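Visitor: Sequence isn't available, so here's the structure alone:
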């Protein structure tokens, strides 16, 4: 939401906003653009008929006093995706959907379009090198949108990616998530079925043929679209660097992992649809460093590399752990996952994590019992977590102080550390932790 506010101010609109809690980096970025509210919280008196439109975030409640006042005044209320669509009706819309890989694929497309000086708008879920903001709205003829399947707003219960109506769509994979909204896997898959229906006539559907759920869905549906399946490209790893095999040549990459190579092929097909030839794509993508918190290197020395990753769902854990193990076969791996999302804290869903940490040499589960309290859920016992993950030597830690102390007492020589969360380990300073760990003998 704060990125959209900044984008709209840059475009020339008068923008104001409110929230009950504004934290970093949003706070500093809003302040930089003179958009930071003088007070946090809600004030219905600020909602007047002088306002042209309200853009409603997902985390406002339906009884929010500013929302109620806007409804009483009959103001135009958009959900975030509704507004993005309204601003892009006359553009070629590329929408990236899927349970995993969305941000990386979107980032790869943006990186390539920028490399060749294309004029485009975008919406992406992470900070990317070379881009000041995560949203851009202009008169550009193309918009690239990361298409989240979560709900649009408290008063618009459609998944966000049902609203954009893409000309070019991507489905990277389907693995059950958001159990609080989609209580069964069948119901979750149905959202992607409906997403395919929103693709514009004569549009293109790029999809991962290696994902059986996606492949079955597309083949059963057989939509009247240009169907572009993709698989893992050929590659080799030499001295910790991944090379794509492109005919008789090899293309060195900054990124690694089979899941990222799949993401790369999806981005390549999208860029080809936008007029960028295959070899030109390879030239651009060779220096793509990845999006923030996607196998992001926090620090390294000759013995150890410390990674931060957004992985939180079962499929993401498996892919991310496998990527690090394959890239560094001679190093052991300590993997730490924070249970933070509603799904991961739901006892019914917990069993979906079975065997997801098995490739790690040491596995840590971090969960603060206050997180359960905030979500109105009963905390898991240690044995429930061990049984669900099916890993007897699992380590359970329940405070960031304890996690810090545990990690700094480890010997990381010839060992990598992978910290995975969609949260922040209860404000644990990972930069400071990384510096401490790399200084330790």
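Guide: Right, received. Where do you want to start? Please read these numbers as outputs of a predicted model, since none were measured by experiment. Numbers count the residues shown, from 1 in each chain.

Visitor: From the chain's centroid, how far away is the helix or strand harbouring residue 186?
Guide: Residue 186 belongs to helix 185-197 when elements are defined using DSSP states H and E. Distance, stretch centre to chain centre, for helix 185-197: 19 Å (CA atoms, centre = their mean, to the nearest Å).

Visitor: and for that helix, what are the contacting residues?
Guide: Helix 185-197 is contacted by residues 97, 147, 149, 159, 161-162, 169, 171, 174, 176-178, 182, 205, 213-214, 217-218, 221, 223, 225 when judged by CB atoms under 8 Å, 6 or more residues apart in numbering. (Glycine included, C-beta is placed from N, CA and C.)

Visitor: ChimeraX command for the buried members of the residues you listed?
Guide: Of those, the buried ones go into a single ChimeraX selection, burial set by 16 or more other CB atoms under 10 Å:
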select :97,147,149,159,161,162,169,171,174,176,177,178,182,205,213,214,217,218,225
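
Visitor: what is the mean pLDDT for stretch 213-223?
Guide: Predicted confidence along stretch 213-223 averages 95 (mean pLDDT).

Visitor: quick one: it to chain centroid distance?
Guide: Going by CA atoms, centre = their mean, where stretch 213-223 is centred and where its chain is centred differ by 24 Å.

Visitor: again, but for stretch 351-366
Guide: Computed by CA atoms, centre = their mean, the separation of stretch 351-366 from the middle of its chain amounts to 20 Å.

Visitor: What residues sit buried inside it?
Guide: For stretch 351-366, a neighbour-count test (16+ other CB under 10 Å) marks 352, 353, 356, 357, 359, 360, 362, 363, 364, 365, 366 as buried.

Visitor: For the last one, what are phi and psi?
Guide: The phi and psi values for residue 366, taken as degrees, to the nearest 10, are phi -110, psi 130.

Visitor: Would you mind confirming that it makes contact with residue 335?
Guide: No: contact between residue 366 and residue 335 fails when scored by CB atoms under 8 Å: they sit 11.0 Å apart.

Visitor: ok so residue 81 is a helix residue?
Guide: Yes: according to DSSP: H, G, I helix; E, B strand; the rest coil, residue 81 belongs to a helix.

Visitor: got a pLDDT number for it?
Guide: Here, the pLDDT recorded for residue 81 equals 96.

Visitor: measure it to residue 269 for me?
Guide: When distances are taken as CB to CB, to the nearest Å, residue 81 and residue 269 turn out to be 24 Å apart.

Visitor: Which one of those two is surrounded by more residues?
Guide: With other CB atoms under 10 Å as the criterion, residue 81 and residue 269 differ in neighbour count, and residue 81 comes out ahead with 25 against 21.

Visitor: Contacts only, for that one.
Guide: 152, 160, 161, 163, 164.

Visitor: Please apply the same query to residue 204.
Guide: With the criterion set at CB under 8 Å, 6+ apart, residue 204 makes contact with 167, 168, 169, 225, 226, 227, 228, 273.

Visitor: Tell me, how many residues neighbour residue 260?
Guide: 22.

Visitor: Without its sequence neighbours, what residue ends up closest to it?
Guide: Counting by CB to CB, 6 or more residues apart in numbering, the nearest residue to residue 260 once its immediate chain neighbours are dropped is residue 104, at 6.3 Å.

Visitor: Surely the one you found and residue 292 touch.
Guide: No: with contact defined as CB under 8 Å, residue 104 and residue 292 do not form a contacting pair (10.8 Å).

Visitor: More neighbours: the two, which one.
Guide: Neighbours were counted for residue 104 and for residue 292 using other CB under 10 Å; residue 104 has more, 31 against 16.

Visitor: if I've got this straight, that one is in a strand?
Guide: No: per three-state DSSP, residue 104 lies outside any strand segment and is helix.

Visitor: residue contacts, it?
Guide: Shown in contact with residue 104 (CB under 8 Å, 6+ apart): 260, 263, 290, 291, 294.

Visitor: burial count for the fourth one?
Guide: Residue 291 is surrounded by 27 other residues when neighbours are defined as other CB under 10 Å.

Visitor: need the contact list for it.
Guide: For residue 291, the contacting residues are 103, 104, 107, 124, 125, 126, 127, 128, taking CB under 8 Å, 6+ apart as the criterion.

Visitor: Ok, the last one next?
Guide: Residues touching residue 294, when contacts are defined by CB under 8 Å, 6+ apart, comprise 103, 104, 107, 126, 309, 310.

Visitor: still on that earlier bit, weed out the non-buried ones from the contacts of residue 204.
Guide: Neighbour counting by 16+ other CB under 10 Å classes 167, 168, 169, 225, 228, 273 among the contacts of residue 204 as buried.

Visitor: which residues sit against stretch 20-28?
Guide: With CB under 8 Å, 6+ apart as the contact definition, stretch 20-28 has outside contacts at 2, 30, 36, 37, 40, 41, 42.

Visitor: looking at the chain, which residue lies furthest from center?
Guide: Most distant residue from the mean C-alpha position of the chain: residue 49, 36.3 Å away (CA atoms, centre = their mean).

Visitor: Retrieve the pLDDT associated with that one.
Guide: Note for residue 49: predicted pLDDT of 97.

Visitor: can you check residue 130 too?
Guide: pLDDT for residue 130: 88.

Visitor: Can you report how many residues neighbour it?
Guide: 10.

Visitor: and if you look at residue 126?
Guide: By other CB under 10 Å, 19 other residues sit near residue 126.

Visitor: oh, and call the first residue 6 from now on, that's how I've got it
Guide: Shifting the count to begin at 6 puts that one at residue 131.

Visitor: any idea how far residue 60 is from it?
Guide: Distance from residue 131 to residue 60, by CB to CB: 21 Å.

Visitor: Ok, residue 132 next?
Guide: The span separating residue 132 from residue 60 equals 21 Å under the rule CB to CB.

Visitor: Those two: which is more packed in?
Guide: The residue with more neighbours, out of residue 132 and residue 60, is residue 60; 19 against 15, by other CB under 10 Å.

Visitor: Pop out the phi and psi values for the more buried one.
Guide: Dihedral pair for residue 60: phi -110, psi 120, per degrees, to the nearest 10.

Visitor: pretty sure it is touching residue 89, no?
Guide: No: checked against CB under 8 Å, the pair residue 60 and residue 89 is beyond contact range at 9.5 Å.
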